[in-house]
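Novice: sequence and predicted model, in that order:
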Amino acid sequence: MTSAQDLVQGSLELASLPEVVMRTIDLINDPKTSAAEIGQVLGEDPALTARLLKIVNSPFYGFPSRIDTVSRAITVIGTLELLDLILATSVVKAFRGIPNDLVDMDSFWEHSLYTGVVARILAGRMRAPNTERYFIAGLLHDIGALALYKQAPDISAIALRRAREEIAPLHVIEQELLGFDHSEVGGELMRAWHLPETLVNAIRFHHIPQQAEQHLLEASLVHLADVIACAVHDPATENGRVPPMESSAWDLTGLQTQIMESVITEADAQFEDARAVILPRASAA
């Protein structure tokens, strides 16, 4: 493989979303689509529909009235927010067969989920619109690593070992070995799945938000959330250290550093609610 795009093209069959999900994404991307049409397509997958309704009615989302149908969910939360829910409940299941000696999948998804929760909270503190997009970007920020583990397990093992031994950022080692890293793979995967450019850029630039020419805020908040998650939730990262924080990303938020204690307290509570409905059995997904 010579590029992140090549790797993604080779891994789509291994890491594909269900056909119903892909059709739903295409419908959501079409402004002419009605809520009834989306609900009809999702209805072809009763298990997915049940998971969606379980999440949307969970304390994590906290909607005031019970939502019993997909059409009602779209009316209450909107189509883009529904897309976020679909991704939250589907992507965890899209990757199977990652070698256990490479990564603990429960730990991987718990870090990803905590990152999403923190990104959502930071966006809320900034009063940014549609805070769920930040949650999903955080949840999926390392998704490219799973594609790498599937398509290039031997090189991935070398990269993980070197990152630990050299106490170096994993994405830097990947660049040295491959010429690209997991954030680039993740961005290409989002694009291949026809997902919004906000997700593409947030994931592609989450290690280097200052280089994002579009959707700088999304990339910056995911970057910050990733660093915070490594520091307070899972300090035993792949190389034993917390990744460096890009100061310009924090400056962009305009938030005071004094909020961090309350952000972390809130994240700990929300994480438990989210894990209950999104990661009930991550390793068995």
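Specialist: Thanks, I have the structure now.
Novice: so where do the strands sit in the chain?
Specialist: Counting by DSSP state E, the chain forms no strands at all.
Novice: pull out the buried positions in the longest helix that the chain contains.
Specialist: Determined from DSSP state H, the single longest helix within the chain is helix 105-125. Residues of helix 105-125 classed as buried: 105, 108-123, 125 (neighbour count, 16 or more other C-beta atoms under 10 Å). C-beta: built from backbone N, CA, C; applies to glycine.
Novice: which strands or helices does it pack on?
Specialist: helix 132-139, helix 143-151, helix 216-232, helix 260-278 (3 or more C-beta pairs under 8 Å, 6 or more residues apart in numbering; DSSP states H and E).
Novice: what about the stretch 151-285 of the chain, any weak spots by pLDDT?
Specialist: Scanning the stretch 151-285 of the chain for pLDDT under 70 picks out the ranges 235-241, 280-285.
Novice: hmm, try it at 80
Specialist: Across the stretch 151-285 of the chain, residues meeting the criterion (pLDDT under 80) sit at 234-243, 280-285.
Novice: still on that earlier bit, please export the C-alpha coordinates of the longest helix of the chain as PDB.
Specialist: What follows is helix 105-125, C-alpha atoms only, in PDB (Å, rounded to 0.1, in the frame of the first residue of the first chain):
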ATOM      1  CA  MET A 105     -10.800  -3.800  22.000                       C
ATOM      2  CA  ASP A 106     -12.600  -2.900  25.200                       C
ATOM      3  CA  SER A 107      -9.900  -0.500  26.200                       C
ATOM      4  CA  PHE A 108      -9.800   0.900  22.700                       C
ATOM      5  CA  TRP A 109     -13.500   1.600  22.600                       C
ATOM      6  CA  GLU A 110     -13.600   2.900  26.200                       C
ATOM      7  CA  HIS A 111     -10.900   5.500  25.300                       C
ATOM      8  CA  SER A 112     -12.800   6.400  22.100                       C
ATOM      9  CA  LEU A 113     -16.100   6.800  24.000                       C
ATOM     10  CA  TYR A 114     -14.600   8.900  26.700                       C
ATOM     11  CA  THR A 115     -13.000  11.100  24.100                       C
ATOM     12  CA  GLY A 116     -16.400  11.600  22.400                       C
ATOM     13  CA  VAL A 117     -18.100  12.400  25.800                       C
ATOM     14  CA  VAL A 118     -15.400  15.100  26.600                       C
ATOM     15  CA  ALA A 119     -15.600  16.600  23.100                       C
ATOM     16  CA  ARG A 120     -19.400  16.800  23.500                       C
ATOM     17  CA  ILE A 121     -19.100  18.500  26.800                       C
ATOM     18  CA  LEU A 122     -16.500  21.000  25.600                       C
ATOM     19  CA  ALA A 123     -18.700  21.900  22.600                       C
ATOM     20  CA  GLY A 124     -21.600  22.400  25.000                       C
ATOM     21  CA  ARG A 125     -19.500  24.700  27.200                       C
END
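Novice: tilt between it and helix 132-139?
Specialist: 150 degrees (axes from the mean of the first three to the mean of the last three C-alpha atoms, to 10 degrees).
Novice: good, wrapping up.
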